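Colleague: sequence-free structure coming up:
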């Protein structure tokens, strides 16, 4: 009866979401705070009940209760315990339940943390969060229940998709969902501001840390997904512009624009419409990503459902949310006019505006490339594919423009910049970028993207270094201390600014890794027998043995390759070609050797019965900078979130 308890808890949570909306409406109509308290309690109970639902589903997986249809479809008696628990969100129904559970966690935290400081808009917040929860719970209860029974009970389950049986996939979906759902809090506060008419900077200040935390989770989820694709899919890359990868990248782009844009409203009380527009688009793209992954319109290893009824419901739900949000924005637009005019195009305000436009164009580019094949297939019944050549040709110049603006925006004055201040701030970074381009060209690097990337990375990096040095020197002189003590004093007084610098440094490190590992990747595919060898770059790979190995729910052919650099044996790599016993699904398991911040990457995609193996070697220079940059970015955001609160906040 455990699974029935979980099912009943979810249904009660659906009823309570309706009560949450009703109590919020009554609180606004009667101005009786008791109704708002009832709404807060409803949100809290929804969290508890959905927690019961999640635990009941986890329990069903752990005891391998194959009388539950969802368990039977996504688990197997031989599935290791680690992946048995992760299989809870390995399919459509369970992933939706996890989504709405995380939403209930965030909602509960928001209504309790901001109860005393935001009493006026609390009913609006409760109403919006309850409505979003209601929409997802209707989908779960009526169309996508993970609690449905299966009769007769099968002897064993179908197993979890072998490609999802990976440690990175255990963390990747929850992190993405925390990013998607995290943006629901600033979205709800924005809607509360629109509905209540409190259109100042208050909602921006309240949601700063929520927005940064959501962005950090989404960034982590995207990078984890890239790392999983890198070593699990066997092609030696971490980003293939897969439509479902794009579904998470689009809200990230607009969310990044939003994080930058709110600074202008804080400092200059401008961009009020922009910021509301950006947070609405960010959360809308999160919902659209849900539609793309779970509607069946896309074919991908990441996508789940193929039921058109579910897709239609999600489309109607997403359309309703977007319609109400933009309708409220249009109705309030006359009260959102900025009282401050932009003084000059050469100012920090204008750079942030261009930054917004670049991010929106980048998101529109990805959106068009993702949905154009679907639109064309629907209208003309013609199948087309939009692949990396389109994205590389269109997206890369936009990305380089964004990096250049990143080197200008934080270091140009507000209101209006003089020619003298521009020369003082940017002459050295511009010169440093030019010197790097010349050095790269002389050393034999002639790729246009590599040269342009080297220029903008150097320009932005030098701008950060000079600003850091200038502020540290100022504090050192003020306190009569050395430059190190001045740096510590400057960090203590300006933790937000330095945290942002660190995040930008992480972006630059990541970009260097992307450029090096993309432009200068070396690949070689050969057929070989035991005793044969092949050369790639400075390395030789010698196949010494092919033998069978077995895991808990798979069997594999494993190749043993000795890796030489010159005449020195440096390591031994063991790529595998696996067959999972329950589904007879083959997978290619890579073997990786890290060297000089790069990777020697080896797979064995095929092994014939007569002992001929196909080996695929890839050299990825500086590929570790991609994930190292992500770690630096995350550390910068954490420092920003944990900065001391000022009294005015």
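Modeller: Cool, got the structure. Being a predicted model, the structure only gives us computed values, none of them experimental.
Colleague: contacts, neighbours, all on C-alpha from now
Modeller: Noted.
Colleague: gap between residue 395 and residue 242?
Modeller: Noted for residue 395: a distance of 15 Å to residue 242, by Cα to Cα, to the nearest Å.
Colleague: now residue 523, nearest residue through space, not along the chain?
Modeller: residue 618 (4.4 Å; Cα to Cα, 6 or more residues apart in numbering).
Colleague: tell me how far stretch 111-126 lies from the chain's centre.
Modeller: 28 Å (Cα atoms, centre = their mean, to the nearest Å).
Colleague: that stretch spans what distance, first to last residue?
Modeller: 7 Å.
Colleague: contact partners of it?
Modeller: The contact list for stretch 111-126 (Cα atoms under 8 Å, 6 or more residues apart in numbering) reads 20-21, 24-25, 27-28, 36, 39-40, 43, 188-189, 191-193, 195-196.
Colleague: residue 291 and residue 311 touch, don't they?
Modeller: Yes: Residue 291 is within contact range of residue 311, at 6.4 Å (criterion: Cα atoms under 8 Å).
Colleague: for residue 282, helix, strand, or coil?
Modeller: What DSSP: H, G, I helix; E, B strand; the rest coil gives for residue 282 is helix.
Colleague: out of the contacts of stretch 111-126, list just those in helices.
Modeller: 20-21, 24-25, 27-28, 36, 39-40, 43, 188-189, 191-193, 195-196 (DSSP state H).
Colleague: make a PyMOL selection of the buried ones in those.
Modeller: In PyMOL syntax, the buried subset of the ones in helices among the contacts of stretch 111-126 is picked out as below (16 or more other Cα atoms under 10 Å):
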select buried, resi 20+21+24+25+27+28+36+39+40+43+188+189+191+192+193+195
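Colleague: distance of the residue nearest to the spatial centre of the chain relative to residue 280?
Modeller: Central residue of the chain (Cα atoms, centre = their mean): residue 218, 2.9 Å from the mean position. According to Cα to Cα, residue 218 and residue 280 sit 17 Å apart.
Colleague: ranges for the helices of the stretch 451-600 of the chain?
Modeller: Assigned helices in the stretch 451-600 of the chain, in chain order: 483-493, 495-519 (criterion: DSSP state H, counting those that start in this stretch).
Colleague: so which of these is the most surrounded?
Modeller: With neighbours defined as mean count of other Cα atoms under 10 Å, the helices of the stretch 451-600 of the chain peak in mean count at helix 495-519, which reaches a mean of 21.
Colleague: rewinding a little: would you turn the helices of the stretch 451-600 of the chain into a markdown table with distance to residue 287 and mean pLDDT?
Modeller: A markdown table is the format used below for the helices of the stretch 451-600 of the chain (distance: least, Cα to Cα, whole Å; pLDDT from 0 to 100):
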| stretch | distance to residue 287 | mean pLDDT |
| --- | --- | --- |
| helix 483-493 | 38 | 76 |
| helix 495-519 | 26 | 92 |
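Colleague: more crowded one of residue 291 and residue 311?
Modeller: Taking neighbours as other Cα atoms under 10 Å, residue 291 and residue 311 compare with residue 291 leading, 25 against 20.
Colleague: kindly provide the distance from residue 50 to residue 56.
Modeller: Separation of residue 50 from residue 56 (Cα to Cα): 10 Å.
Colleague: alright, I will stop here.
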